[in-house]
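[1] What follows is a predicted protein model with its sequence.
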Amino acid sequence: MAHLKFNMEKLERLNDPGRFDSLPPDVFWPALGKLPADATIVEIGAGTGLFAAAFAARAPESTVYAADTADVMLEWMRANRPEVTDGRMVPLKADETHVPLASGVADAVYMINLHHELVHPAASYAEAFRLLKPGGHLLVVDWAPRETPKGPPAEVRVSVDALALLLHEAGFAEVAIDDSTLEWHLMATAVRPR
């Protein structure tokens, strides 16, 4: 499967609050399910933690683990995100198919604009499944497989059917994919069965 890794020279683009115009946290937050006040939330592919910080603000008693493969991203979060200082957000070194947290620790796991970068998406979704508690929610947002004014090339974008198959094969239930709410992206939700 084709993939396209992020160019680290464009790190500052990840911090642009204008990203919320096309990727609104207020749309994503309810997709994470009904979370307990002290939820454990894991972002895989957190970048500089823009979305992890937005979710930490919506759940002040929760812990958001912001996992990324790149040391530069983790260092940036530690130096610039006040949510890290106050302990609500925890930068975490991970690799694409392994996040160093216990199985069944997370109430919710999410990935935003990551799928097109995945070398082994099936293994990455299996890892998300492992991290989730039974009944925990997964949210996946990535570039829709249609022409958009910006974004990665068509060959690295996932189709609705291919993403649904990957999630079902990983063991998820209640798989739903919405490719119309967001102008340039699709949004998938799924649940680890109880």
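    Now that the structure is in, tell me what you want to look at.
[2] Just want the most central residue of this structure.
    Taking Cα atoms, centre = their mean, the centroid of the chain lies closest to M111, which sits 1.4 Å from it.
[3] Wasn't A123 part of a strand?
    No - note on A123: no strand contains this position according to DSSP: H, G, I helix; E, B strand; the rest coil, which reports helix.
[4] who are the neighbours in contact with M89?
    For M89, the contact set (Cβ atoms under 8 Å, 6 or more residues apart in numbering) comprises 49, 52-53, 56, 63-66, 77, 81, 83. Any C-beta I mention is one placed from the backbone N, CA and C, and that applies to glycine too.
[5] model confidence over the helix or strand hosting the residue nearest to the centre of the chain, on average?
    For M111, the host element (DSSP states H and E) is strand 106-112. Per-residue confidence for strand 106-112 averages out to 98 on the pLDDT scale.
[6] I'd like to know which elements it is packed against.
    Strand 106-112 makes packing contacts with strand 40-44, helix 50-58, helix 121-131, strand 132-143 when contacts are defined by 3 or more Cβ pairs under 8 Å, 6 or more residues apart in numbering; DSSP states H and E.
[7] So which residues of this structure form strands?
    Counting by DSSP state E, the chain has strands at residues 40-44, 63-68, 89-93, 106-112, 132-143, 173-178, 185-191.
[8] Now the longest one: buried residues?
    Right, strand 132-143. The neighbour-count criterion (16 or more other Cβ atoms under 10 Å) identifies 132-133, 136-143 as the buried residues of strand 132-143.
[9] Repeat that for stretch 140-157.
    By neighbour count on 16+ other Cβ under 10 Å, the buried set for stretch 140-157 is 140-145, 151-152, 156-157.
[10] what's the span of it, first residue to last?
    One end of stretch 140-157 to the other measures 13 Å (Cα to Cα, to the nearest Å).
[11] neighbouring contacts of that stretch?
    The list of residues contacting stretch 140-157 from outside it, by Cβ under 8 Å, 6+ apart, reads 2-4, 23, 28, 110-116, 158-160, 163, 167, 179, 182-190.
[12] mind running it again at 7 Å?
    Contacts with stretch 140-157, where a contact means Cβ atoms under 7 Å, 6 or more residues apart in numbering, come from 2-4, 23, 28, 111-116, 158-159, 163, 179, 184-188.
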